[in-house]
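Enquirer: Below is the sequence, then the predicted model.
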Amino acid sequence: MGNNCLVLKLERILVVDDDGGVRTLMTDLLRERDYAVLGVSSLAQARTALAEQTHDLVICDLRLGDGNGLDFLQTIKKEYPQMRSMVMTGFGSLDSAVQALRIGVFDYLIKPIDDGRLAVALERLQAVMDLEAENVYLRREMAQRDGNLISWGESPGMKRVQELVDRICKTRATVLIQGESGTGKEVVAHALHKKSPWAEQPFIRVNCAAIPATLLESEFFGHEKGAFTGAVQRREGRFELAHGGTLLLDEISEIPPDLQVKLLRVLQELEFERVGGNKTIKVDVRVLATTNRDLLEYVQQGKFREDLYYRLNVVPLHLPPLRERGDDVIHLAGVFVVEFSRKHGKKTRKLSREAVLRIKAYHWPGNVRELQNAIERAVILSEEEEELSAVDLPDNTSAVSPVAGQEHDPIVPLLVMERRLIERTLQRCGGNRTHAAEILGISVRTLRNKLAEYRSTNPAEPA
């Protein structure tokens, strides 16, 4: 089995003991703690039970009529690697205890079984399983994440984002984080979790766009063994894994309509059933959602449920595109230069003046992710100099980007083209005339005169 099958909760336990009194005592103690328990009297019956039903834990006597408990546990470990085991015996010895630990048995219980000792063993095992399950997902997320995609910066839009994060991070409110691709929505979600009172609890992410629609329900809610072809063992879903912490539903607009109904129920009631199961599972989860779509437009088009939209949009949080963040782009570029110089062993530590002007003039349609990739490429390809040169940047950043919708302008008079170029350059530079003049290759005084001329003459542009 792969790590996908790691169990979050102990639910089903198999007790193996040929002493009927011990077996009854164990099953009663475990059922009082709400475990599903099956008691059997032989190793043969235990093998049959495991073949028929998934169990999370086997508690096995050391000596049975048809074999040795440790030999049995060592054998089945190969067949059921995710299943945990404990041994119990009335003939404890140091040698058998060492052998049990060596083959991966979690605990060694001495008869007569004490309820308090059993409870401690089960709690310890649950804690270990929780940590292992969370660590698997965290390792995956660290491998998949694009790194630190945003900095709060000094632009008004990002200051507003920072203020909202600080105000809502300590609440359990559902937050809908919207913005273009590459603006850093996932990093904002991480910030909301890290600043929250449950920062030490799990942060679990599911990318709704990357998982086939047929498997998405199982990813959300988990499944029971045999629920569908390939479900060879019970699996907990992301809602269970996020219990007590935060669940991020990335690209929420991509979930299919039938699953939207079930998701709405979970958000309202915080309970669900696994696929193929009938047991209601309750969770305590703070839900965050991200989208690069206009979700309200999706609602109007009938692609997204209106009631689910309003349930998700309790606190809306919009991330501005990089082109609207003014000098934040230079701050970010400088941070990335230092970061990637260290990563790739380069001595480059800052941007040249020409590189700064070129970065400010470019539109950055891919936002912070595009900037990050461009700077890393430039650092890798740069000469061993202290400054990163403009020529090290990708070729597509060399020209002032057109405004959306104006890529195919008709032929117009030269004065009109000049005016458009100046206005677009000023827009890319956040209204900074000095930077715009440098990019255009004219003096600030000339630029000022041109702007005054436009205001006085206002030449008409053809329709």
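Expert: Good, I have the coordinates.

Enquirer: Any chance you could list what contacts stretch 433-453?
Expert: 357, 360-361, 400, 418-419, 421-422, 425-426, 428-429 (CB atoms under 8 Å, 6 or more residues apart in numbering). In this view, the C-beta of every residue, glycine as well, is placed from N, C-alpha and C.

Enquirer: Please repeat the previous calculation with a cut-off of 10 Å.
Expert: By CB atoms under 10 Å, 6 or more residues apart in numbering, the residues outside stretch 433-453 that reach it are 327, 330, 353-354, 356-358, 360-361, 400, 415, 418-419, 421-430, 432, 459.

Enquirer: what does stretch 96-108 give?
Expert: 57-60, 62-63, 68-71, 73-75, 77, 81, 84-89, 92-93, 110, 117-118, 120-122, 124-125, 128-129.

Enquirer: related to what we said a few turns ago, quick check: PyMOL command selecting the buried ones in the contacts of stretch 433-453.
Expert: Entered in PyMOL, the line below selects the buried ones among the contacts of stretch 433-453, by 16 or more other CB atoms under 10 Å:
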select buried, resi 327+330+354+356+357+358+360+361+400+419+422+424+425+426+428+429+430
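
Enquirer: Double-check Ala189 against Thr291; I have them as touching.
Expert: No - with contact defined as CB atoms under 10 Å, Ala189 does not count as touching Thr291 (11.9 Å).

Enquirer: if we can go back for a sec, the contacts of stretch 96-108 in helices, which ones?
Expert: The helices, defined by DSSP state H, take in 69-71, 73-75, 77, 117-118, 120-122, 124-125, 128-129 from the contacts of stretch 96-108.

Enquirer: So which of the residues you listed wins on neighbours?
Expert: Gly69 (25 neighbours; other CB atoms under 10 Å).

Enquirer: Can you show me the helices along the stretch 351-463 of the chain?
Expert: 353-361, 367-381, 414-428, 433-440, 444-457 (DSSP state H, counting those that start in this stretch).

Enquirer: out of these, which comes closest to His318?
Expert: helix 367-381 (13.3 Å; CB to CB).

Enquirer: Now that closest one: buried residues?
Expert: 367-372, 374-376, 378-379.

Enquirer: Stretch 339-348 now?
Expert: 339-341, 346, 348.

Enquirer: Then stretch 261-271?
Expert: Under 16+ other CB under 10 Å, the buried positions of stretch 261-271 are 263-264, 266-267.

Enquirer: what does stretch 81-99 give?
Expert: Within stretch 81-99, the residues that qualify as buried are 82-89, 96, 99, counting by 16+ other CB under 10 Å.

Enquirer: Then stretch 213-220?
Expert: Here stretch 213-220 shows 216-220 as buried, counting by 16+ other CB under 10 Å.

Enquirer: Of those residues, which belong to strands?
Expert: Among the buried residues of stretch 213-220, DSSP state E puts none in strands.
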